[in-house]
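Participant: Predicted model, plus sequence, below.
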Amino acid sequence: MVQRAQRGLSAALDAICRVTLFIAGFALLAMTGVVAYAVFGRFVLNDTPAWAESAAMLLMAWTIMGAAAVGVREGFHMGFDTLKAVLPKPIGRVFDVISDLCITAFGIGMAWFTGELALEVADTTLPTLGLNGAVEYMPLTLGGVLITLFGIERLLAHAAGHLAPADTHPHPILTDA
């Protein structure tokens, strides 16, 4: 029963992971287009659009937070890899758990505190974009939530004695190659 629930959770998080990576990729493409338009406006039209820099920064936040969250699920986050290489496997697994606990706690903190910041500035407007001020913190808050979810998934895998999701996928979404 527990394994069935864990497989269901893993399948749902697989879908979330793919959607997150798609959004991050789309944001990267959009940011590239915005920056290209800003350069064109500045050097060809001699009229830089005021909104371009703010839009590019917001899109960059979506790109970075999405990729960072997927990186947690795929095991590309910071860890104790060098230390684990010289330790016996059981002790190395303890360091895997410690690393995943730290990442999960970081995700909780990031989601909580950026959520508070978003609520604090929700009554303001971003001057160059005309959007609600909370929009600026939305990628950080959602990134923190996703990092937390993916960290919890890794911790549940450790508790069940299974490999973390990155170690079970034959073809990870992200690679370091």
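Facilitator: Yep, it's here.
Participant: Verify the stated contact: residue 21 with residue 65.
Facilitator: No. With contact defined as Cβ atoms under 8 Å, residue 21 does not count as touching residue 65 (11.6 Å). All C-beta spots, glycine's among them, are computed from the backbone N, C-alpha and C.
Participant: most centrally placed residue in the protein?
Facilitator: Centroid-nearest residue in the chain, with Cα atoms, centre = their mean: residue 69, separated by 2.5 Å.
Participant: more neighbours, residue 21 and residue 65?
Facilitator: residue 65 (26 against 19; other Cβ atoms under 10 Å).
Participant: Just list the residues touching that one, thanks.
Facilitator: 24, 139-140, 142-143, 146 (Cβ atoms under 8 Å, 6 or more residues apart in numbering).
Participant: That one - that's part of a helix, no?
Facilitator: Yes. Counting by DSSP: H, G, I helix; E, B strand; the rest coil, residue 65 is located in a helix.
Participant: Any figure for the gap between it and residue 80?
Facilitator: Separation of residue 65 from residue 80 (Cβ to Cβ, to the nearest Å): 24 Å.
Participant: Just the pLDDT at residue 2, thanks.
Facilitator: If you check residue 2, the pLDDT there is 61.
Participant: same check, this time on the one 3 residues further on
Facilitator: Predicted confidence (pLDDT) for residue 5: 70.
Participant: sec struct for it, please.
Facilitator: Of the three states, residue 5 takes helix under three-state DSSP.
Participant: can you pull out the helices in the chain?
Facilitator: Secondary structure of the chain (DSSP state H): helices at 2-43, 52-74, 81-85, 89-120, 138-159, 165-168.
Participant: so where is this protein shaky, pLDDT-wise?
Facilitator: 1-2, 163-177 (pLDDT under 70).
Participant: ok, residue 131 - how many residues close by?
Facilitator: What residue 131 shows, counting by other Cβ under 10 Å, is a neighbour count of 17.
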